[in-house]
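In: my questions are about this predicted structure, shown below with the sequence.
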Amino acid sequence: MAVPAVNITIEKGTNFEQDFVVKDSNGAVVDLSNYTAVAKIRKYPSDSLSVQSFTVGITSLTGTITLSMSTTTTALLEDGRNYYDILATSPSNVVSKKFEGMAIVSPSVSV
């Protein structure tokens, strides 16, 4: 099954939060009990200098992964097109990519 591509927009210097619902190939919500997840954003997929981590929350029974980022962290992001993904680890230690996409970081004049 292909990894869903979801493009997001982050306003630089503001709080960011977005929910992602994990579904199986039949469209049913996946129970994420005992899963963990990580998510990072980079200017380029292989960039090791401009990487930032999202805070990741999981609501198990609704299959929801919530990404958030503070104003301090969004202020550090590079303007323009960036890339992110979400990796989840199952209770049996299988790591899989759940979402990926572009993150457009918009500059904020008042920051």
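Out: Yep, that arrived. Numbering: from 1, shown residues only.
In: so where do the helices sit in this structure?
Out: 71-74 (DSSP state H).
In: do you have the strands of it handy? List them.
Out: 8-11, 16-21, 36-42, 52-53, 55-59, 64-69, 80-89, 95-106 (DSSP state E).
In: send the alpha carbons of the fifth one over as CSV?
Out: Extracted in CSV, the C-alpha atoms of strand 55-59 (Å, rounded to 0.1, in the frame of the first residue of the first chain):
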residue,chain,number,x,y,z
THR,A,55,5.9,16.6,19.1
VAL,A,56,3.9,13.4,18.4
GLY,A,57,0.8,12.3,20.2
ILE,A,58,-1.2,9.1,19.5
THR,A,59,-4.9,8.6,20.2
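In: which residues are contacting that strand?
Out: 32, 35-39, 64-70, 86 (Cβ atoms under 8 Å, 6 or more residues apart in numbering). From N, CA and C alone the C-beta is placed, and that goes for glycine too.
In: so who does the closest residue to residue 58 other than its chain neighbours touch?
Out: Among residues not flanking residue 58 along the chain, residue 32 sits closest, at 5.1 Å (Cβ to Cβ, 6 or more residues apart in numbering). Taking Cβ under 8 Å, 6+ apart as the criterion, residue 32 is in contact with 22, 58, 59, 60, 63, 64, 65, 88.
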